[in-house]
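Could you work out the structure for the sequence below:
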Amino acid sequence: MKMQKHWYLGFLGLIGVYKFPSVLDFFQGFGQWWELLNLLWFIWFLYFIPEGEKDEN
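Coordinates of the predicted model:
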């Protein structure tokens, strides 16, 4: 296994941790619906998942 080519972009997912309280506010009834878009920041964490070996038989 090896890291993805742009693994360092996974650090952008940390913005999602910062924005997560506003997402919780939405589910508690205090926030606006567009605050759910802050969940998209967590997609950047996918760059931390290593690539698998390709088995060419």
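
use CA for all of it now, contacts and neighbours both
Will do.

and the closest residue to Leu46 other than its chain neighbours, what is it in contact with?
Leaving aside its sequence neighbours, Leu46 sits nearest to Gly10 (CA to CA, 6 or more residues apart in numbering; 6.6 Å). By CA atoms under 8 Å, 6 or more residues apart in numbering, Gly10 lies in contact with 44-48.

Kindly report the same for Lys2.
Counted by CA under 8 Å, 6+ apart, Lys2 has contacts 50-53.

Could you work out the most separated pair of the contacts of Gly10?
Trp44 and Phe48 (8.2 Å; CA to CA).

what's the distance between Phe11 and Phe48?
In this view, Phe11 and Phe48 are 9 Å apart by CA to CA, to the nearest Å.

ok, now Gly16?
15 Å.

of those two, who's got more company?
Gly16 (20 against 16; other CA atoms under 10 Å).

Would it be right to say that the more buried one lies in a helix?
Yes: Gly16 forms part of a helix when assessed by DSSP: H, G, I helix; E, B strand; the rest coil.

Return the per-residue confidence for it.
Here the pLDDT value assigned to Gly16 is 86.

show me where pLDDT drops low in this protein?
Residues of the chain that meet the criterion pLDDT under 70 lie in 55-57.

So which of the contacts of Lys2 belong to strands?
Residues of the contacts of Lys2 located in strands (DSSP state E): none.
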